[in-house]
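[1] Only the shape, not the letters, is given here:
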């Protein structure tokens, strides 16, 4: 083979190898987070498949799902919130991202106040943020 053919083949092989390694690393991270949260790994693979069809961003989907697991979402509630976030990403694809929405939902639950892209999404949907935050804080007092 001459060097004009060998270099592109070598570069393509290197890129494929790196991409596969990154994919395995991301999936491994998600599997560890799922085990820690006692969530089925098969279930998480299904969510990843669905999300990748919507976003095409493997690493962001892993981070987003990990944030939702850390926020305490499980089973039907997890499935529902993933569907809701994916719907928002489809509705506002240029500005709302799955990972950022998931992280801001986790922060909102922790702080008792809507923040980040979750706050932005609520505003876009016409939800009164003052009323939402008051209701969230009242619910946290009960718990």
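    Cool, the structure landed. Since the model is a prediction, treat every value here as computed from it, not as a measurement.

[2] worst-scoring helix or strand of the protein, pLDDT-wise?
    Within the chain, no helix or strand scores below helix 3-36, which has a mean of 67 by mean pLDDT, DSSP states H and E.

[3] Which secondary structure elements does the helix or strand just after it sit against?
    Where DSSP states H and E defines the elements, the next helix or strand beyond helix 3-36 is helix 41-55. Counting contacts by 3 or more Cβ pairs under 8 Å, 6 or more residues apart in numbering; DSSP states H and E, helix 41-55 packs against helix 3-36, helix 58-70, helix 75-91, helix 98-111. Heads up, the C-betas are built off the backbone N, CA and C, glycines and all.

[4] Dump those into TSV; add mean neighbour count as well.
    Formatted as TSV, these follow (neighbours: other Cβ atoms under 10 Å):
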stretch	mean neighbour count
helix 3-36	12
helix 58-70	21
helix 75-91	15
helix 98-111	20
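
[5] Need the ones you listed in JSON lines (columns: distance to residue 140).
    Below are the helices and strands packed on helix 41-55 laid out as JSON lines (distance: least, Cβ to Cβ, whole Å):
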{"stretch": "helix 3-36", "distance to residue 140": "24"}
{"stretch": "helix 58-70", "distance to residue 140": "17"}
{"stretch": "helix 75-91", "distance to residue 140": "17"}
{"stretch": "helix 98-111", "distance to residue 140": "9"}
